[in-house]
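Visitor: give me a 3D structure for the following:
(2 chains)
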Amino acid sequence: MMDTLQQLFGPLWPVVWTLAKIVAIVAPIMGAVAYLTLAERKVIGYMQVRIGPNRVGYYGLLQPVADGLKLLFKEIILPTAANKFLFLLAPVLVLAPALAAWAVVPFDFDMVLANVDAGLLYILAMTSVGVYGVIIAGWASNSKYAFLGSLRSAAQIVSYEIAMGFALVGVLMAANSLNLGKIVMAQQGGFWEWYWLPLFPLFVVYFIAAVAETNRAPFDVAEGESEIVAGFHVEYSGMAFAVFFLAEYANMILVATLAALMFLGGWLSPVPFLPDGFPWLAIKVAGLLFLFLWFRATFPRYRYDQIMRLGWKVFIPVTLVWIVVIGAFMQTPLGYLFH
Amino acid sequence: MIFQDYVFYALAAILLVAGLRVITARNPVHAALFLVLAFFTAAGIWLLLEAEFLAITLVLVYVGAVMVLFLFVVMMLDINLDKLREGFWDYAPLAGFVGVVMALEMASIVGVRHFGVNVTGTPEPHPVNYSNTAELGRQLYTDYVLPFELASVVLLVAIVAAIALTMRRRKDSKYIDPAEQVKVKRADRIRMVSMPAEKEMPENGEGEQA
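Guide: Model (predicted):
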């Protein structure tokens, strides 16, 4: 069947095949985003002894569809004297990097759209571009509240990006590669060989920085729904707002997947007698995403100065020290501990 | 022309337009955003040259960090463009002269005579498993280790100097020490007072009238 398709498209085949793979990655992600919103409401509901959405479809399973339709039919309001082009470009600029980063994420052995050698660097570059959407959204809204919100949010994202990047430096030192597939393959050998153990401080820093990076509770001062009613996207409505929402959840899934790949062995099985495969990755990502929801349900919000202190004065020194520890140990006979 | 050529010309066209708009855009925020676009497109051209590490680093450093801080500053400035453009035509001849000299200098070095394909030869495409990143790392930390370290020390000095020059400590700033906050015990903040739950009744019953 592949051959007939290949003949049908001729020289265009690589383009068509790549597009098909992109759709095969993005469509399930969008589905996962939709059901992550439902899972969030359900999980937080049960943690607060409520039931959560249960009216649309069995157990509320059609709730995300209903929400999506509602947002689609809402009017997109343009604030007076807003910069129309940039105002509408900003949500796209937030969502596009969150999806583009998936190009180098491997789902199984050799199951990756682009097997790039500098994959980790590419992901860092893509996630750092996402901050433009936040800044432009705040500026183009022509509203001081949105503008101040965007400054807060962007400062937070930029700060935690550094800690996140340093945590990744430890991973690439241990794995000797920037290729995500090779990083996973370097963790072969079961649960105790995964990098969460030798790189434990970096794992903790990475995951907390990931929560802060995605502007999730308890680091959600940018949105702060109970205090300031949304920051940089306060002027957005309808589908334009929904795109910001989608981007937040797509980013959550992305950072959870990266944490699973780099510290929890990706698609590798934790025990030797079970085969490796994509289901393991899915289970690990789901577990990490549950942590995101659990945090939101149980932790009080950080104060803004405490967020900045945690990022700059705690996380960055911790990662720097651990990078030196890894480098020093690699020169000794104990280097095998860090592979 | 092969596919890569079309991509190159498309990227080059976008790069030139973006570069031109950086200096012609009336709004400084727009100019900064066009600069971002120019960096991004330049990274694309570098990718075509198989310099993927440098291309991604360009996006990571310039687009992801430098231009974000740039935008921060530019957004908060209240710039009166008419005032800025007041002396434009007075300086135009001088600027034109400088521009022409720069163009001539560049043309004398990067012209076809020195950088043409017949001088440098077409670069060989690398084999599939060639790692640009690893090769660059090896070069930086072996052959060029001293210049590399020197450059990083110069940058470090610049960072420290910039902070030392601009940092000012306000005497009256209300500084919070988180360690102190964490160390607080209940006894530091709460004083338990033992007192009767009811108010004592006045003796001669005057209180009843009020």
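
Visitor: nearest spatial neighbour of the closest residue to chain B within chain A, skipping sequence neighbours?
Guide: Minimum separation of chain A from chain B (Cβ to the nearest Cβ) falls at residue A:128, amounting to 2.9 Å. C-beta coordinates here come from the backbone N, C-alpha and C atoms, glycine included. Leaving aside its chain neighbours, residue A:128 sits nearest to residue B:64 (2.9 Å; criterion: Cβ to Cβ, 6 or more residues apart in numbering or on different chains).

Visitor: what of residue B:21?
Guide: residue B:34 (4.3 Å).

Visitor: contact partners for the one you found?
Guide: B:18-19, B:21-22, B:25 (Cβ atoms under 8 Å, 6 or more residues apart in numbering or on different chains).

Visitor: equivalent analysis for residue A:254, please.
Guide: So residue A:254 contacts A:98, A:101-102, A:105, A:127 (Cβ under 8 Å, 6+ apart).

Visitor: what residues does chain B have near chain A?
Guide: With the criterion set to Cβ under 8 Å from any Cβ of the partner chain, chain B comes near chain A through B:29, B:33, B:36, B:52-53, B:56-57, B:59-60, B:63-65, B:68-69, B:71-72, B:75, B:131-134, B:176, B:178.

Visitor: one more pass at 10 Å, please.
Guide: By Cβ under 10 Å from any Cβ of the partner chain, the residues of chain B that approach chain A are B:3, B:27, B:29-30, B:33, B:36, B:40, B:43, B:52-61, B:63-65, B:67-69, B:71-72, B:74-76, B:129-134, B:136-137, B:176, B:178, B:181.

Visitor: so who does the residue of chain B found nearest chain A touch?
Guide: Nearest to chain A, among the residues of chain B, is residue B:64, at 2.9 Å (Cβ to the nearest Cβ). When contacts are counted by Cβ atoms under 10 Å, 6 or more residues apart in numbering or on different chains, residue B:64 touches A:97, A:124-132, A:158, A:161, A:165, B:36, B:39, B:57-58.

Visitor: quick check: it vs residue A:326, distance?
Guide: For residue B:64, the distance to residue A:326 (Cβ to Cβ, to the nearest Å) stands at 25 Å.

Visitor: taking the mean pLDDT, what do you get for stretch B:164-172?
Guide: For stretch B:164-172, the mean pLDDT works out to 84.

Visitor: just how off-centre is that stretch within its chain?
Guide: Relative to its chain's centre, stretch B:164-172 lies at 23 Å (Cα atoms, centre = their mean, to the nearest Å).

Visitor: using PDB, write out every CA atom in it.
Guide: Provided in PDB are the C-alpha atoms of stretch B:164-172 (Å, rounded to 0.1, in the frame of the first residue of the first chain):
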ATOM      1  CA  ALA B 164      28.700  46.600  39.700                       C
ATOM      2  CA  LEU B 165      28.200  49.800  37.800                       C
ATOM      3  CA  THR B 166      24.400  49.900  37.800                       C
ATOM      4  CA  MET B 167      23.600  48.300  41.200                       C
ATOM      5  CA  ARG B 168      22.500  50.700  43.900                       C
ATOM      6  CA  ARG B 169      21.400  49.800  47.300                       C
ATOM      7  CA  ARG B 170      18.500  51.700  48.700                       C
ATOM      8  CA  LYS B 171      18.800  52.400  52.400                       C
ATOM      9  CA  ASP B 172      15.100  52.500  53.000                       C
END
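
Visitor: quick one: buried residues of it?
Guide: For stretch B:164-172, the neighbour count (16 or more other Cβ atoms under 10 Å in any protein chain shown) marks no residue as buried.

Visitor: just to revisit the earlier point, which two of the contacts of residue B:34 have the greatest separation?
Guide: Greatest spacing in the contacts of residue B:34, by Cβ to Cβ: B:19 and B:25 (11.1 Å).

Visitor: may I see the buried residues of the strand or helix carrying residue A:259?
Guide: For residue A:259, the host element (DSSP states H and E) is helix A:238-263. Within helix A:238-263, the residues that count as buried by 16+ other Cβ under 10 Å are A:239-263.

Visitor: kindly report the same for stretch B:18-32.
Guide: In terms of neighbour count (16+ other Cβ under 10 Å), stretch B:18-32 has its buried residues at B:18-19, B:21-22, B:25, B:28-30, B:32.

Visitor: most widely separated two among those?
Guide: B:19 and B:29 (16.9 Å).

Visitor: show me what contacts residue B:88?
Guide: Contacts of residue B:88 (Cβ under 10 Å, 6+ apart): residue B:95.

Visitor: how near is it to residue B:95?
Guide: Taken as Cβ to Cβ, the span from residue B:88 to residue B:95 is 9 Å.

Visitor: do the same with residue B:53
Guide: 37 Å.

Visitor: more neighbours: which of these two?
Guide: It is residue B:53, of residue B:53 and residue B:95, that has more neighbours when counted by other Cβ atoms under 10 Å in any protein chain shown, with 20 against 11.

Visitor: in this structure the more buried one contacts residue B:132, no?
Guide: Yes. Between residue B:53 and residue B:132 there is a contact at 4.9 Å, judged by Cβ atoms under 10 Å.

Visitor: tell me the centre residue of chain B?
Guide: residue B:66 (0.8 Å; Cα atoms, centre = their mean).

Visitor: got the phi/psi numbers for it?
Guide: Note on residue B:66: its backbone torsions stand at phi -60, psi -50 [degrees, to the nearest 10].

Visitor: which residue is the nearest non-sequential neighbour of residue A:147?
Guide: residue A:138 (4.7 Å).

Visitor: number of residues surrounding that neighbour?
Guide: Residues near residue A:138, counting by other Cβ under 10 Å, number 29.

Visitor: which helix or strand contains it?
Guide: helix A:131-140.

Visitor: just checking, next helix/strand downstream of that helix?
Guide: That would be, after helix A:131-140 and using DSSP H and E, helix A:144-175.

Visitor: hmm, residue B:38 is touching residue B:20, no?
Guide: Yes. Using Cβ under 10 Å, residue B:38 is in contact with residue B:20, at 9.5 Å.

Visitor: who are the packing partners of the lowest-mean-pLDDT helix or strand in chain A?
Guide: None of the helices or strands of chain A scores lower by mean pLDDT, DSSP states H and E than helix A:2-9, at a mean of 76. Contacts defined by 3 or more Cβ pairs under 10 Å, 6 or more residues apart in numbering or on different chains; DSSP states H and E place helix A:2-9 against helix A:13-47.

Visitor: give the buried residues for the helix it packs on.
Guide: Quick answer for helix A:13-47 (16+ other Cβ under 10 Å): A:25, A:29, A:32-34, A:36-45.

Visitor: and chain B, which of those reach it?
Guide: Within the buried residues of helix A:13-47, nothing lies near chain B by Cβ under 10 Å from any Cβ.

Visitor: count of neighbours near the residue lying closest to residue B:40 once chain neighbours are set aside?
Guide: Nearest non-adjacent residue to residue B:40, counting by Cβ to Cβ, 6+ apart: residue B:63, 5.9 Å away. As a burial measure, residue B:63 scores 23 neighbours (other Cβ under 10 Å).

Visitor: could you do residue B:3 as well?
Guide: 10.
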